[in-house]
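Engineer: Provided below are the primary sequence and the corresponding predicted coordinates.
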Amino acid sequence: MDHLADVSQSQTQISHLALDIGGSLIKLVYFCRYDDSCRDDGDELRSQNDSLCSKSDNSKPVLEGRLHFAKFETSKINDCLDFLRSMKLRLGGFHDRTAPSSDKIFIKATGGGAYKFADLFKEKLGVSLDKEDEMECLVTGANFLLKAVHQEAFTYLDGQKEFVQIDPNDLYPYLLVNIGSGVSMIKVDGDGKFERVSGTSLGGGTFWGLGRLLTKCKNFDELLELSHRGNNRILDMLVGDIYGGTDYAKIGLSSTTIASSFGKAISESKELGDYQPEDVSRSLLRMISNNIGQISYLNALRFGLKRIFFAGFFIRGHAYTMDTISVAVNFWSKGEAKAMFLRHEGFLGTLGAFMSYEKQCLDGLTVHKMQQKFPISVSSAGDNIYCSLNSNSDENGSIECTVYGT
Ligand SMILES: Nc1ncnc2c1ncn2[C@@H]1O[C@H](COP(=O)(O)OP(=O)(O)O)[C@@H](O)[C@H]1O
Ligand SMILES: CC(C)(COP(=O)(O)O)[C@@H](O)C(=O)NCCC(=O)O
């Protein structure tokens with residue numbers, strides 16, 4: 001994938017790595033330090049964390065570098081293993097501090113695949129996966145991004161993207177909707193304070209799975225690309241189709257509101273082959289996004305939450321997806337609730353797993369809080385990682401940061 005070339009060419013020292021192995025995609029976050037001049041042994045960080053580091057003002061070891069992101073399809077897990085092998089596991093190999101004499105190397109991992117593929121990682125790379133709870137990681141990742149990273153959250157409506165300034169002191173409560181293969185809805189009340197309040201199996205896997213069957217697309221991006229050119233009115237039955245072109249004003253439905261997704265497919269004597277794949281893709285994307293937007297709003301209503309953050313790789317920064325979700329939230333809440341999206345949408349779980357290194361003191365290297373360099377962000381003192389977002393970052397955008405050890 002994209003970052004494979006980056007890493008092997010740059011010879012950058014990778015010191016920490018975490019994984020989120022989901023139903024569809026494997027997400028990686030890894031920390032590359034800028035300068036390995038103080039490295040005294042090229043191969044493994046695990047035995048020499050302190051010697052890798054310069055000293056900070058308060059005499060704590062410091063690693064300065066960037067957090068990088070990469071992803072692989074879970075079905076192509078061997079590509080991911082090759083990628084990790086290419087790093088020669090100097091990256092995330094950490095000794096278990098609770099058993100100092102042990103040779104055990106472990107990497108923080110979350111998602112169902114941390115269980116499913118644990119033996120594979122052991123067998124192919126000799127690495128143990130140190131499992132972190134998926135929901136906890138999502139929340140930790142979301143809180144970090146929202147509090148520490150400049151211009152992370154934004155709204156998207158009618159083609160207009162607007163960054164939202166988050167006050168870290170006024171962040172909670174909010175609803176986090178993670179749209180991966182399936183969808184989890186989590187009420188977040190604070191750091192580590194959350195409850196998974198709902199979910200739906202109609203998620204990103206449904207869009208991609210049904211879309212692949214119905215359109216014969218070979219990959220997700222192709223399916224998404226198709227939807228750009230499609231017209232959902234070919235397959236969706238609108239209120240106007242039922243009401244002879246007029247609104248059903250009495251109950252607040254305009255003639256253009258979708259009355260029944262894919263509803264026209266039943267009333268016409270057409271086969272699948274008579275429909276354009278782009279129209280199928282468009283209706284499917286609209287159906288899934290609208291449904292998630294609606295269920296999310298209902299859950300926000302249940303708990304009186306005004307802010308809903310949508311994440312997960314289903315979104316893919318895709319305009320029509322975000323627009324549909326926003327319209328659904330706006331429509332059902334009568335403008336009361338707001339849909340917001342995150343730039344690092346697919347990496348919440350991985351970031352959370354990465355940050356869980358802080359819970360354990362590993363060979364003297366501890367990841368503490370992350371704080372952004374920009375003055376508008378978190379201002380609390382004593383934080384141990386400083387971050388700023390690469391202004392050119394895309395979905396894999398790296399984050400500049402400094403890791404302080406203990
Ligand atoms: N390259 C891709 N391959 C497959 N699915 C993708 C891709 N890019 C985005 N997606 C979408 O993202 C979803 C997975 O999102 P993700 O947040 O990674 O969840 P999971 O943890 O379940 O893998 C897929 O179901 C699909 O809708
Ligand atoms: C089981 C999961 C947490 C796994 O996470 P994922 O790999 O989809 O990101 C998720 O797919 C989910 O919440 N599914 C919806 C299940 C339900 O509430 O009906």
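Structural biologist: Good, I have the coordinates. Ligands and ions are numbered 1, 2, ... in the order given.

Engineer: can you get me a residue count around the nearest residue to residue 314 once chain neighbours are set aside?
Structural biologist: Closest residue to residue 314 apart from its sequence neighbours, by C-beta to C-beta, 6 or more residues apart in numbering: residue 204 at 3.1 Å. The way it works is simple: take the backbone N, C-alpha and C, and place the C-beta from them, glycine included. As a burial measure, residue 204 scores 27 neighbours (other C-beta atoms under 10 Å).

Engineer: doesn't residue 24 make contact with residue 204?
Structural biologist: Yes - counting by C-beta atoms under 8 Å, residue 204 sits close enough to residue 24 to count as a contact (6.5 Å).

Engineer: which single residue of the chain ends up nearest ligand 1?
Structural biologist: Using C-beta to the nearest ligand atom, residue 22 is the residue of the chain that sits closest to ligand 1, at 1.8 Å.

Engineer: give me phi/psi at the closest residue to that residue other than its chain neighbours?
Structural biologist: Nearest residue to residue 22 in three dimensions, chain neighbours excluded: residue 111, at 4.6 Å (C-beta to C-beta, 6+ apart). Main-chain torsions, residue 111, degrees, to the nearest 10: phi 80, psi 160.

Engineer: low-confidence ranges in the stretch 101-250 of the chain?
Structural biologist: Where the stretch 101-250 of the chain drops to pLDDT under 70, the residues are 101-103.

Engineer: and the helices in it, which stretches?
Structural biologist: Ranges of helices in the stretch 101-250 of the chain, per DSSP state H, counting those that start in this stretch, are 113-116, 118-125, 134-148, 204-215, 220-229, 239-242.

Engineer: tabulate those (a markdown table), appending distance to residue 337.
Structural biologist: Shown next, in a markdown table, are these (distance: least, C-beta to C-beta, whole Å):
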| stretch | distance to residue 337 |
| --- | --- |
| helix 113-116 | 33 |
| helix 118-125 | 39 |
| helix 134-148 | 17 |
| helix 204-215 | 22 |
| helix 220-229 | 25 |
| helix 239-242 | 23 |
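
Engineer: nearest to residue 325 among these would be which one?
Structural biologist: helix 204-215 (12.4 Å; C-beta to C-beta).

Engineer: show me the contact partners of the closest one.
Structural biologist: By C-beta atoms under 8 Å, 6 or more residues apart in numbering, the surrounding residues in contact with helix 204-215 are 23-24, 179-183, 217, 220, 223, 226, 272, 277, 280-281, 284-285, 288, 312-314.

Engineer: how about 7 Å then?
Structural biologist: Residues from elsewhere that reach helix 204-215 (C-beta atoms under 7 Å, 6 or more residues apart in numbering): 23-24, 179-182, 217, 220, 223, 226, 272, 277, 280-281, 284-285, 288, 312-314.

Engineer: regarding the residue positioned nearest the centre of the chain, what is its secondary structure?
Structural biologist: By C-alpha atoms, centre = their mean, the chain has its centre lying nearest to residue 346, at 1.8 Å. Put simply, residue 346 is helix when judged by DSSP: H, G, I helix; E, B strand; the rest coil.

Engineer: ok, the residue found closest to it once you drop the neighbours it is linked to in the chain - contacts?
Structural biologist: With C-beta to C-beta, 6+ apart as the measure, residue 313 is the residue that lies nearest to residue 346, at 3.7 Å, once sequence neighbours are left out. When contacts are counted by C-beta under 7 Å, 6+ apart, residue 313 touches 25, 180, 204, 345-346.

Engineer: so the residue of the chain closest to ligand 1 touches residue 179, yeah?
Structural biologist: No - using C-beta atoms under 7 Å as the test, residue 22 is too far from residue 179 to be in contact (11.2 Å).

Engineer: can you count the residues close to residue 327?
Structural biologist: Using other C-beta under 10 Å, residue 327 has 17 other residues around it.

Engineer: enumerate the residues of the stretch 51-200 of the chain near ligand 1.
Structural biologist: Residues of the stretch 51-200 of the chain lying near ligand 1 by C-beta under 6 Å from any ligand atom: 73, 111, 180-181.

Engineer: just the buried residues out of the residues you listed, in ChimeraX syntax.
Structural biologist: To isolate in ChimeraX the members of these that are buried, counting by 16 or more other C-beta atoms under 10 Å, one can use:
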select :111,180,181
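
Engineer: so which of the residues of the stretch 51-200 of the chain next to ligand 1 are in strands?
Structural biologist: The strands, defined by DSSP state E, take in residue 73 from those.

Engineer: and the residues of the stretch 51-200 of the chain next to ligand 1 as JSON lines, adding distance to ligand 2?
Structural biologist: Formatted as JSON lines, those follow (distance: C-beta to the nearest ligand atom, whole Å):
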{"residue": "73", "distance to ligand 2": "13"}
{"residue": "111", "distance to ligand 2": "6"}
{"residue": "180", "distance to ligand 2": "3"}
{"residue": "181", "distance to ligand 2": "4"}
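
Engineer: please enumerate the helices of the stretch 301-406 of the chain.
Structural biologist: Taking DSSP H, counting those that start in this stretch, the helices of the stretch 301-406 of the chain run over residues 319-332, 348-355.

Engineer: tell me what the first one is packed against?
Structural biologist: Read that as helix 319-332. In terms of contacts (3 or more C-beta pairs under 7 Å, 6 or more residues apart in numbering; DSSP states H and E), helix 319-332 is packed against strand 153-157, helix 277-303, strand 338-342.

Engineer: buried set for it?
Structural biologist: Within helix 319-332, the residues scored as buried using 16+ other C-beta under 10 Å are 320-330, 332.

Engineer: what angle sits between it and helix 204-215?
Structural biologist: Going by axes from the mean of the first three to the mean of the last three C-alpha atoms, to 10 degrees, helix 319-332 is angled at 120 degrees with respect to helix 204-215.

Engineer: and helix 319-332, average pLDDT?
Structural biologist: Averaged over helix 319-332, pLDDT sits at 94.

Engineer: okay, the residue of the stretch 251-400 of the chain found nearest ligand 2: pLDDT?
Structural biologist: Scanning the stretch 251-400 of the chain for the residue nearest ligand 2 gives residue 312, at 6.6 Å (criterion: C-beta to the nearest ligand atom). For residue 312, the pLDDT comes out at 98.

Engineer: wait, it touches residue 345, no?
Structural biologist: Yes - contact criterion C-beta under 7 Å: residue 312 and residue 345 qualify, at 6.3 Å.

Engineer: of these two, who's got more company?
Structural biologist: Under the criterion of other C-beta under 10 Å, the comparison of residue 312 against residue 345 puts residue 312 first, with 27 against 22.
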